[in-house]
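**Q** Need the 3D shape of this:
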Amino acid sequence: MMNFIKHYLLIFVSFLVLICLVSTAVIYSGIYNIGADEPHIQPVYKALNVLRQRSIEQHAKGIRVPNLDDPALILKGAGQYAAMCTECHLAPDMTHSEIRPGLYPQPPNLSLHRVAPNEAFWVIKHGIKMSAMPAWGFNHDDPTIWSMVAFLMKLPDLSPAQYREMVTKAPPDDDMEEESDHEHMHR
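**A** As a prediction, the model looks like this:
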């Protein structure tokens, strides 16, 4: 019986070593096409998708969601979304953008999909590696990020007209104005 266990343990360990060697060879050979214009093979896509979703769920689960029903907060988020998010995530009146077709994986159309507020906050603040999702937490404080989340909670219910009206009423983003003024001074 002990020889039987040793035999299968040796086979199992050998199999793991073989998988590691083949994986290392594939990684270092550069044979796998990482270009965004060619989809991942199904096992890689599924593994990365599970990794992304579980990581977001795990890191976002302890985040306390504040009251997101404040109209001023939602309005501020509308301006932020219009300025920074529509090229990738679209808006109720958009079906495409110049950048979106080149993104893989395709970002969700947030005017059609609901997101969990704690997960949206975490993703906006920290971004997602090897995707087009930047970490906005480097130059936006938590209240600003929560304003974006508050707006995202309302976005799927907005008509194109309601969206445009809300964006036109949004307060100016002081940070964006300062950056714009700074750029104009150095031209």
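
**Q** and stretch 94-108, how far apart are its ends?
**A** 13 Å (C-alpha to C-alpha, to the nearest Å).

**Q** which of the residues in it are buried?
**A** 100, 105, 107 (16 or more other C-beta atoms under 10 Å). Every residue, glycine included, has its C-beta placed from N, CA and C.

**Q** now it, how far from the centre of its chain.
**A** Offset of stretch 94-108 from its chain centre (C-alpha atoms, centre = their mean, to the nearest Å): 13 Å.

**Q** what does that stretch rub up against?
**A** Identification of contacts with stretch 94-108 by C-beta atoms under 8 Å, 6 or more residues apart in numbering yields 36-37, 39, 45, 49, 86-90, 111, 115, 131-133.

**Q** Sort out for me which of those are in helices.
**A** 45, 49, 86-89 (DSSP state H).

**Q** related to what we said a few turns ago, looking at the contacts of stretch 94-108, which is nearest residue 157?
**A** Closest approach to residue 157 among these (C-beta to C-beta): residue 111, at 9.6 Å.

**Q** Name the nearest residue to that closest one, ignoring sequence neighbours.
**A** Computed as C-beta to C-beta, 6 or more residues apart in numbering, the closest residue to residue 111 that is not its neighbour in sequence is residue 92, at 4.6 Å.

**Q** Now a PyMOL select for only the buried ones of the contacts of stretch 94-108.
**A** Selection of buried members from these for PyMOL, criterion 16+ other C-beta under 10 Å:
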select buried, resi 86+87+88+89+90+111+115+131+132+133
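
**Q** can you tell me which two in the contacts of stretch 94-108 are farthest apart?
**A** 37 and 115 (26.8 Å).
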